[in-house]
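In: Next come a sequence and a model predicted from it.
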Amino acid sequence: MFCKKISILGVTGSIGQSASDVILSAPEYFDVQVVSAGSNAQKLAQEAIRLKAKKAVIADERKCEELKSLLSGTNIEAHAGDEALEALAGEPCDLVLAAIVGFAGLRPILSALKNGINVAIANKEPLVAAGALVMETARKSGAKILPVDSEHNAIFQCLEDHNRAAIDKIILTASGGPFLDWDIKDINAATIEQAINHPNWSMGRKISVDSASMMNKALEIIEAHYLFDMPADKIDVVIHPQSVIHSMVSYHDGSVLAQMGASDMRTPVAYALSWPERIKTPGQTLDIKSLSKLTFLPPDLDKFPALRFAYTALESGQNAQITLNAANEEAVDLFLREQISFGKIAKIIENALLWADKEAPNKDIKTVDDIEEFNNNVRSFVTKSIL
Ligand code: NAD
Ligand code: MG
């Protein structure tokens, strides 16, 4: 039996809650160190107490006093601010679960990896914007990156390291989201409630909107490219509305290995947290006999241009990848604040990619500061362009 010292970044979110469930159902395997949240001090304090964490850190500094008072009388230290979060993410432990949403998770991830700490990664946006830097940082320190995203977790389970040269393709499955059968006119005019109403998965608001536009799959193509060191032409996407097969690896002897499971993130979270062992999860199990059929179809790139953007960005390089991610984050934010229509999201990203191609094709971007600066420039370009 193992006992891992673990820190959870983004403990109050959807993935963070799945991790809490997993840990609380098997507490003998985990010793929780640091837990973090963006701005909800109440929920952070509650989770820190439930998980018996040593330290809690809230990114929003204005919530510092509130967190301190909520944790007074416990032995849990309260910290606040982005710098504290970055520093605490790098404090000694066996595993950090990266479950912050968006680019904001990049520095904490790098901080853990630099210190040689293994990272279970759900937070895909840093891999899209800074995949080469993230992977290089891990390689240098010897830290392992364990995929939590259900598709990448599935591929990780199906990959035979000694047979990498025999891989024909990795095939990411996509549910198609809530608008799979809608026509373009209705998709363009979709409301927030319709966009976040995912048929199979219950997730945070940003990733739910990404799933509706299929930007989530676009981000996952780039995520797979970096996590598994796969060229774009070996990464395929297939629509599989039942979300039973979470992804596949096709080998050149004709074998296709697939990982199946219920649509419950507690399974991939548990696998990443307990790897290389397997623990029981409190999640749903798949009732194979109740499955009447599994269907597969090609994605419709006219209705969902996001996938095309991903392949373009992979071909163009890092500037385009930062742009794709930053323009999407800004556009989704604007949509969720009712500033733009759903249909505008894809247009904004396309426009930003054209702008980046013209403005910054050869801009030399290497360090995390360069990446952050360019990320902010893209976001300002998007805000200005919609005025
Ligand atoms: P969520 O919105 O439910 O939770 C996000 C967490 O990040 C919260 O704890 C929040 O407090 C914290 N946070 C937000 N902004 C922050 C900031 N600026 N600084 C520090 N912390 C901040 O999101 P989620 O659905 O749990 O997704 C988290 C990540 O995991 C995303 O990158 C998403 O793409 C990925 N992911 C999620 C799922 C899922 O089922 N939810 C599946 C696969 C991958
Ligand atoms: Mg996924």
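Out: Nice, I can see it. Ligands and ions are numbered 1, 2, ... in the order given.

In: Could you pull out the helices in the stretch 151-300 of the chain for me?
Out: 184-188, 192-195, 205-213, 215-228, 266-274 (DSSP state H, counting those that start in this stretch).

In: Count the neighbours of the residue in the stretch 51-200 of the chain that ligand 2 sits nearest to for me.
Out: Among the residues of the stretch 51-200 of the chain, residue 149 lies closest to ligand 2, at 4.2 Å counting by CB to the ion. C-beta here means a position set from N, CA and C on the backbone, and glycine is covered the same way. Residue 149 has 28 neighbours, counted by other CB atoms under 10 Å.

In: Ends of stretch 248-257, what's the gap?
Out: Its start and end residues considered, stretch 248-257 measures 5 Å (CA to CA, to the nearest Å).

In: Can you list the neighbours in contact with stretch 129-143?
Out: Outside of stretch 129-143, the residues within contact range by CB atoms under 8 Å, 6 or more residues apart in numbering are 103, 106, 109-110, 112-119, 126-127, 144-145, 222-223, 225-227, 229, 318, 321-322, 325-326, 366-368, 371, 375.

In: pLDDT of that stretch, averaged?
Out: For stretch 129-143, the mean per-residue pLDDT is 98.

In: Okay, buried residues for that stretch please.
Out: By neighbour count on 16 or more other CB atoms under 10 Å, the buried set for stretch 129-143 is 129-131, 133-135, 137-138, 143.

In: ok, now stretch 44-57?
Out: Going by neighbour count (16+ other CB under 10 Å), the buried part of stretch 44-57 is 44-45, 47-48, 51, 53-57.

In: so does that stretch get close to ligand 1?
Out: No. Using CB under 6 Å from any ligand atom, stretch 44-57 stays clear of ligand 1, with a minimum separation of 7.6 Å.

In: so residue 8 sits right up against residue 37, yeah?
Out: No. Look at residue 8 against residue 37 with CB atoms under 8 Å: they stay out of range, at 9.6 Å.

In: Tell me which of those two has more neighbours.
Out: Neighbour totals were compared for residue 8 and residue 37, and residue 8 leads with 31 against 28 (other CB under 10 Å).

In: thinking again about what came up before, return a PyMOL selection command for the buried portion of the contacts of stretch 129-143.
Out: Here is the PyMOL command that selects the buried residues among the contacts of stretch 129-143 (16+ other CB under 10 Å):
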select buried, resi 103+106+109+110+112+113+115+117+118+119+126+127+145+222+223+225+226+227+318+321+322+325+326+368+371+375
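
In: And the nearest residue to residue 123 once chain neighbours are set aside, how close does it get to residue 112?
Out: Excluding its sequence neighbours, the residue lying closest to residue 123 (CB to CB, 6 or more residues apart in numbering) is residue 105, at 3.9 Å. Separation of residue 105 from residue 112 (CB to CB, to the nearest Å) stands at 10 Å.

In: Likewise for residue 153?
Out: 19 Å.

In: thinking again about what came up before, let's see which of the buried residues of stretch 44-57 end up in helices.
Out: Members of the buried residues of stretch 44-57 lying in helices (criterion: DSSP state H): 44-45, 47-48.

In: which of the residues you listed sit farthest apart?
Out: Spanning the widest gap among those are 45 and 47, at 7.5 Å by CB to CB.

In: Skipping adjacent residues, who's closest to residue 196 in space?
Out: The spatial neighbour of residue 196 that comes closest, neighbours along the chain excluded (CB to CB, 6+ apart), is residue 208 at 4.1 Å.

In: The one you found and residue 194 touch, don't they?
Out: No. Counting by CB under 8 Å, residue 194 is not a contact partner of residue 208; they are 10.6 Å apart.

In: Could you check which of the two is surrounded by more residues?
Out: Remark: of residue 208 and residue 194, residue 208 carries more neighbours, 22 against 15, as counted by other CB under 10 Å.

In: tell me which parts of the stretch 1-150 of the chain are close to ligand 2?
Out: 149-150 (CB under 5 Å from the ion).

In: Taking the stretch 1-150 of the chain, what residue is nearest to ligand 1?
Out: In the stretch 1-150 of the chain, the residue that lies nearest ligand 1 is residue 13 (1.9 Å; CB to the nearest ligand atom).

In: Leaving out chain neighbours, which residue sits closest to the closest residue to ligand 1 within the stretch 251-387 of the chain?
Out: Closest contact between the stretch 251-387 of the chain and ligand 1, by CB to the nearest ligand atom, is at residue 265 (4.5 Å). Distances taken as CB to CB, 6+ apart put residue 18 closest to residue 265, at 4.5 Å, once the chain neighbours are dropped.

In: residues in contact with that neighbour?
Out: Here residue 18 is in contact with 264-266, 269, 283 (CB under 8 Å, 6+ apart).

In: No further queries at this time; thank you.
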